[in-house]
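Q: Everything below, folded, please.
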Amino acid sequence: MMGWAKPTPVDPRNFRNQVLDDIKTSVVGPISNFVIASGALIILIAIAVTSHLGAYIVNNIVSVYPGELDMLQNQTSSFLMPLSLLVYEFLVMNVILAVFNLIPVPPLDGSHVLRHFLPEPVLKIYADPSFLVSLYTPDSNSAAATRAIKAAKGECFVTTFGELEVVNAFGLRVFRKEVSAAQAQSSVSDFKKDLSSGIFQLRWLQESFFERARQLSRQTTAKLGTCTADLLHVAAALELGVDSLFSFDQQQRKLAHVVRLRLN
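A: You can find the predicted model right below:
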């Protein structure tokens, strides 16, 4: 017989405490397995103490399980035999499931617990297109971009919207005759290569990013005059849970400062 479990959907945005609530959600499955196993053990103890036959069956199931059960079953026709065997199967199965799910390997529950006790990268960084363009094509900010990326230790995130802006910006630099078409193509290739190799982690825009951008707009635009694209980039950085925003866009940096993101 073969079977499998469908994962229970969990939305971390509902967590009040991201670390503690993630651990609680992860261990509730194994804990329930141990509770069921404990209940089965209590039933087996009850069977063992209520009759001599029950004690004999329970004591011997452990020693003959699973290979020599037929020998034990042939010794009695009492209903205590199948009952004890069923309860013992429940005990063994739930202990195995609990231990298996606590193995710290994704997507098992143990991985969600262990990851909160492992050292995380020093920084999680959101790379804005203004930073990336300076990183891959020469301009007045290129030296600062290179120093910042070399000093950064951790994960660097780019959204699909940011990816589009970067590639389009290379084309605009060709249009303005700031770089040649060959230079722009080389920059695009280098950027794509770094995305593929994982130097930058590409993330799709989620609806939550737009909702956060709407909130930022209501709270700050009348005071700061932030454009929509900058709102969306800062919102994405917040939703991705980064520590720092790397950007050379002055309006964007003002907004990032207000929401307490570190800056390059």
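Q: Report the residue spans of the stretch 101-250 of the chain with pLDDT below the cut-off.
A: Low-confidence segments of the stretch 101-250 of the chain (pLDDT under 70): 106-107, 115-123.
Q: Strands of that one, residue ranges please.
A: Along the stretch 101-250 of the chain, counting by DSSP state E, counting those that start in this stretch, strands occupy 123-127, 154-159, 200-203, 244-246.
Q: out of the ones you listed, which comes closest to Val99?
A: Nearest to Val99, of all the strands of the stretch 101-250 of the chain, is strand 154-159, at 31.5 Å by CB to CB. In short, each C-beta sits where N, CA and C put it, glycine included.
Q: list the helices and strands that closest one packs on?
A: Packed against strand 154-159 by the contact rule (3 or more CB pairs under 8 Å, 6 or more residues apart in numbering; DSSP states H and E) you find strand 123-127, strand 200-203, helix 228-239.
Q: Note down every partner strand of it and its orientation.
A: In the sheet, strand 154-159 lines up against strand 123-127 (parallel), strand 200-203 (parallel) (DSSP bridges).
Q: which of the residues in the longest helix seen in the chain are buried?
A: Longest helix of the chain, by residue count under DSSP state H: helix 18-50. Applying a neighbour-count criterion of 16 or more other CB atoms under 10 Å, one finds 22-23, 25-27, 29-30, 33, 36-37, 40, 43-44, 47-48 buried in helix 18-50.
Q: looking only at pLDDT, what's the mean for it?
A: For helix 18-50, mean pLDDT is 88.
Q: Output the contacting helices and strands for that helix.
A: Packing partners of helix 18-50 (3+ CB pairs under 8 Å, 6+ apart): helix 52-64, helix 80-101, helix 109-114.
Q: what's the least confident stretch among those helices?
A: Minimum mean pLDDT among the helices and strands packed on helix 18-50: helix 109-114, a mean of 74.
Q: Please put the alpha-carbon coordinates of that one into CSV.
A: Output in CSV follows, covering the C-alpha atoms of helix 109-114 (Å, rounded to 0.1, in the frame of the first residue of the first chain):
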residue,chain,number,x,y,z
ASP,A,109,8.9,20.1,10.0
GLY,A,110,12.3,19.8,11.6
SER,A,111,13.8,22.1,9.0
HIS,A,112,11.5,24.9,10.1
VAL,A,113,12.7,24.5,13.7
LEU,A,114,16.4,24.1,13.0
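Q: helices and strands around it, which ones?
A: Packed next to helix 109-114, using 3+ CB pairs under 8 Å, 6+ apart, are helix 18-50.
Q: quick one, the helix it packs on and helix 80-101 angle?
A: Counting by axes from the mean of the first three to the mean of the last three CA atoms, to 10 degrees, helix 18-50 lies at 160 degrees to helix 80-101.
Q: how is this structure carved up into domains?
A: Here the domain parsing of the chain from automatic domain parsing is 15-117, 123-263.
Q: most tightly surrounded among those domains?
A: Ranked by average neighbour count under the criterion mean count of other CB atoms under 10 Å, the domains of the chain are headed by domain 123-263 at a mean of 17.
Q: which ones are touching Val62?
A: By CB atoms under 8 Å, 6 or more residues apart in numbering, the contact list for Val62 reads Tyr88.
Q: ok, 10 Å please
A: The contact partners of Val62, taken as CB atoms under 10 Å, 6 or more residues apart in numbering, are 44, 88, 92.
Q: ok, the residue nearest to the last one when sequence neighbours are not counted - contacts?
A: Same thing as Val92. Distance criterion CB to CB, 6 or more residues apart in numbering; nearest residue to Val92, sequence neighbours excluded, is Tyr65 at 7.6 Å. Neighbouring residues of Tyr65 by CB under 10 Å, 6+ apart: 72, 85, 88-89, 92.
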